[in-house]
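# Build me a model:
(4 chains)
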There are 2 protein chains.
Amino acid sequence: MSDASPIWTRPARGARGPQPTHTRDEIVTAAIALADAEGLAAVSMRAVAAALNTGAGSLYRYLSSRDDLLDLMTDRVVGELRPYPVPTGPPVDALIALAQRQRDMCRRHTWIIELLPRPTGIGPEGLAWFDHCLGVLAPVPCPATAKFEALAMMTGVVTLFARDESAAPPPAFSGIDLTAFPHLIAAFADPGPRRPDLFDRTLRGLLTALLTG
Amino acid sequence: MSDASPIWTRPARGARGPQPTHTRDEIVTAAIALADAEGLAAVSMRAVAAALNTGAGSLYRYLSSRDDLLDLMTDRVVGELRPYPVPTGPPVDALIALAQRQRDMCRRHTWIIELLPRPTGIGPEGLAWFDHCLGVLAPVPCPATAKFEALAMMTGVVTLFARDESAAPPPAFSGIDLTAFPHLIAAFADPGPRRPDLFDRTLRGLLTALLTG
DNA sequence: AGAAACTGCGAACGTGGTTTGCGGTTTACA
DNA sequence: TGTAAACCGCAAACCACGTTCGCAGTTTCT
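Numbers count the residues shown, from 1 in each chain, chains lettered A, B, ... in the order given. Take a look at the predicted model:
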């Protein structure tokens, strides 16, 4: 049965049968716990069901697919962005504070990094967050499309930072002849000092470029 | 058998047995053709093998896993970035030209967008590209770590742009009560004019923020 | 009362990645 | 030159996954 309507609009249960043993929220909680502990790949229908002492097929009484579950997990975690930090100072500063909150969320649940870029339907908490960001940008005199693009780029950059924060360093270039890459060797020989505030600096440069002019 | 060494360093074949029917390059070519035609999900071992008139198991004579194949596909496509555009003007302008070349690559092979953010080992072509970018940045007086970060952010932003260029618009907010999101309604009511040069503008703001100061 | 719509559950289906075992082929080495 | 090791293609099998199906029992509506 192909249910086209997104899961947000579908009722949790009908009006007839016996009272369900579980709930969507319960399932989502178990799935998130699994993802936090062992990563997104460990969130299989069977594993989630086992955590709830039931069978994999039973989950389909509450969800219509695994993608639905991932959508629900995403929106639940996006809900953790609340309470939204109160905007202070110029809009760009307030946006950067919001981005930091997003980054904290990614640090708590690293698997969300793989879920955020999906083109699936955005949930109610995602909408609320987006609306709040637009509210912060209200005093900025630029077209709404520019604000959309700036916000999309903001969360995109947050995921980029979160990604290489959580990624293990690559297995190096073992066995490859590096002598063909002189600039790379030079850069590795003298990496120079590491700069702080990279996150803030990046976002400020990006947002001011997108929201002004 | 877990082979820890990355595929780049492993020889294509040993010295004993009969001459292999296929080659790694041939397999990678078939896999890329499949991905271009039907998306990355269609690149299954069985499908790639079928395109070569063989069985899935036979591919493991040439590769040790599907991830290896994806790594090879990635590096092959990264090789299409050649010939590198000759740097003209200030380094930031040259970098933007390089980023545009990356974006063209993403447009030709949209599946690469899903492969680039993987934390797997970078291949020889990836190293060559990286080395070239560092060469372009050579005259810029800032620590090498800053250049690393700027380049990582650059390709990251390219994938962000490429992603929502290739993504279908989301299935809208069907059935959700939008009245709770006033800023969103207002923004949709008057989206304003669309701005050109968004790609260039974004990258310029980002790169100047990361490479100066 | 009886039908309709639900519930949990376990088995099964189809599709993936990967492993294994076999018969045959080529090379290295004594 | 003969033999053993290392390689080849191939097909079957293994295992895990998402998902579907059928069944027996439960609740609610008419």
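# need the contact list for the closest residue to A:Trp111 other than its chain neighbours.
Nearest residue to A:Trp111, sequence neighbours excluded (C-beta to C-beta, 6 or more residues apart in numbering or on different chains): A:Leu40, at 3.9 Å. Placement of C-beta: from N, CA and C, glycine included. For A:Leu40, the contact set (C-beta atoms under 8 Å, 6 or more residues apart in numbering or on different chains) comprises A:111, A:114-115.
# and with 10 Å instead?
Listed by C-beta atoms under 10 Å, 6 or more residues apart in numbering or on different chains, the contact partners of A:Leu40 are A:31, A:34, A:70, A:73, A:109-115.
# Equivalent analysis for A:Thr159, please.
Here A:Thr159 is in contact with A:102-103, A:106, A:112-117, B:117, B:156, B:160 (C-beta under 10 Å, 6+ apart).
# same thing with A:Pro85?
A:94, A:97-98, A:100-101, A:132, A:136.
# and with 8 Å instead?
A:94, A:97-98, A:101.
# Using JSON lines, lay out those together with pLDDT and secondary structure.
Shown next, in JSON lines, are the contacts of A:Pro85 (pLDDT from 0 to 100; DSSP: H, G, I helix; E, B strand; the rest coil):
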{"residue": "A:Ala94", "pLDDT": "98", "secondary structure": "helix"}
{"residue": "A:Ala97", "pLDDT": "98", "secondary structure": "helix"}
{"residue": "A:Leu98", "pLDDT": "98", "secondary structure": "helix"}
{"residue": "A:Arg101", "pLDDT": "98", "secondary structure": "helix"}
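# Distance check, the residue of chain A positioned farthest from its centre against A:Thr23.
In chain A, A:Thr179 marks the outermost C-alpha relative to the chain mean, sitting 39.4 Å out by C-alpha atoms, centre = their mean. When distance is defined by C-beta to C-beta, to the nearest Å, A:Thr179 is 61 Å away from A:Thr23.
# Can you name the next helix or strand after the top helix by length along chain A?
Taking DSSP state H as the criterion, chain A has its longest helix at helix A:144-166. Next helix or strand after helix A:144-166 toward the C-terminus (DSSP states H and E): helix A:182-189.
# mind giving me the domain split of chain A?
Chain A is divided into the following domains under automatic domain parsing: A:7-78, A:83-168+A:180-212.
# Next, the contact list for A:Arg163, please.
A:113, B:117, B:119.
# Sort out which of the residues you listed are buried, if you could.
Buried members of those, counted by 16 or more other C-beta atoms under 10 Å in any protein chain shown: A:113, B:117.
# nearest to DNA strand C, of the contacts of A:Arg163?
B:Pro119 (16.3 Å; C-beta to the nearest atom of the strand).
# Leaving out sequence neighbours, find the closest residue to that closest one.
B:Pro119 sits nearest to A:Ala167 (C-beta to C-beta, 6+ apart), 4.1 Å away.
# Next one, pLDDT for the closest residue to the residue farthest from the centre of chain A other than its chain neighbours please.
Of all residues not flanking A:Thr179 in the chain, A:Ile185 sits nearest, at 7.4 Å (C-beta to C-beta, 6+ apart). In this prediction, A:Ile185 carries a pLDDT score of 95.
# In this structure A:Ala99 contacts A:Ala162, no?
No: contact criterion C-beta atoms under 8 Å: A:Ala99 and A:Ala162 do not qualify, at 10.6 Å.
# returning to that earlier point: reformat the contacts of A:Arg163 as a markdown table; add secondary structure.
Shown next, in a markdown table, are these (DSSP: H, G, I helix; E, B strand; the rest coil):
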| residue | secondary structure |
| --- | --- |
| A:Ile113 | helix |
| B:Pro117 | coil |
| B:Pro119 | coil |
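# Dump the contacts of A:Arg163 to CSV, plus pLDDT and distance to DNA strand C.
Output for the contacts of A:Arg163, formatted as CSV (pLDDT from 0 to 100; distance: C-beta to the nearest atom of the strand, whole Å):
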residue, pLDDT, distance to DNA strand C
A:Ile113, 97, 22
B:Pro117, 93, 19
B:Pro119, 85, 16
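# For DNA strand D, state which of the contacts of A:Arg163 is nearest.
Of those, the one sitting nearest to DNA strand D (C-beta to the nearest atom of the strand) turns out to be A:Ile113, at 18.3 Å.
# Give me the neighbour count for the closest residue to DNA strand D within chain A.
Of all residues in chain A, the one sitting closest to DNA strand D is A:Gly57 (2.7 Å; C-beta to the nearest atom of the strand). Number of residues near A:Gly57 (other C-beta atoms under 10 Å in any protein chain shown) recorded here: 10.
# So it versus A:Leu63, what's the distance?
For A:Gly57, the distance to A:Leu63 equals 11 Å [C-beta to C-beta].
# swap in A:Ala41?
Applying C-beta to C-beta to A:Ala41 and A:Leu63 gives a distance of 18 Å.
# what about those two, which has more around it?
Set A:Ala41 next to A:Leu63 and count neighbours by other C-beta under 10 Å: A:Leu63 wins out with 21 against 10.
# who's in contact with the nearest residue to the more buried one once chain neighbours are set aside?
If you skip the residues right next to it in sequence, A:Leu63 has A:Leu69 as its closest partner in space, 5.3 Å away by C-beta to C-beta, 6+ apart. For A:Leu69, the contacting residues are A:27-28, A:31, A:43, A:48, A:59, A:63, by C-beta under 8 Å, 6+ apart.
# For DNA strand C, see how far away A:Asp197 is.
Shown here: A:Asp197 relative to DNA strand C, a distance of 41 Å by C-beta to the nearest atom of the strand, to the nearest Å.
# pLDDT at that residue, what is it?
88.
# Could you give the number of residues near it?
8.
# Repeat that for the one 4 residues further on.
Other residues lying near A:Arg201 total 19 when counted by other C-beta under 10 Å.
# quick one on the thing from earlier: the contacts of A:Pro85: which ones sit near chain B?
Contacts with chain B within those, counted by C-beta under 8 Å from any C-beta of the partner chain: none were found.
# Now distance to DNA strand C and neighbour count too, for the residues you listed, in JSON lines please.
Output for those, formatted as JSON lines (distance: C-beta to the nearest atom of the strand, whole Å; neighbours: other C-beta atoms under 10 Å in any protein chain shown):
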{"residue": "A:Ala94", "distance to DNA strand C": "43", "neighbour count": "19"}
{"residue": "A:Ala97", "distance to DNA strand C": "42", "neighbour count": "17"}
{"residue": "A:Leu98", "distance to DNA strand C": "38", "neighbour count": "23"}
{"residue": "A:Arg101", "distance to DNA strand C": "36", "neighbour count": "17"}
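# farthest-separated two in those residues?
Among those, the pair separated by the greatest distance (C-beta to C-beta) is A:Ala94 and A:Arg101, at 10.9 Å.
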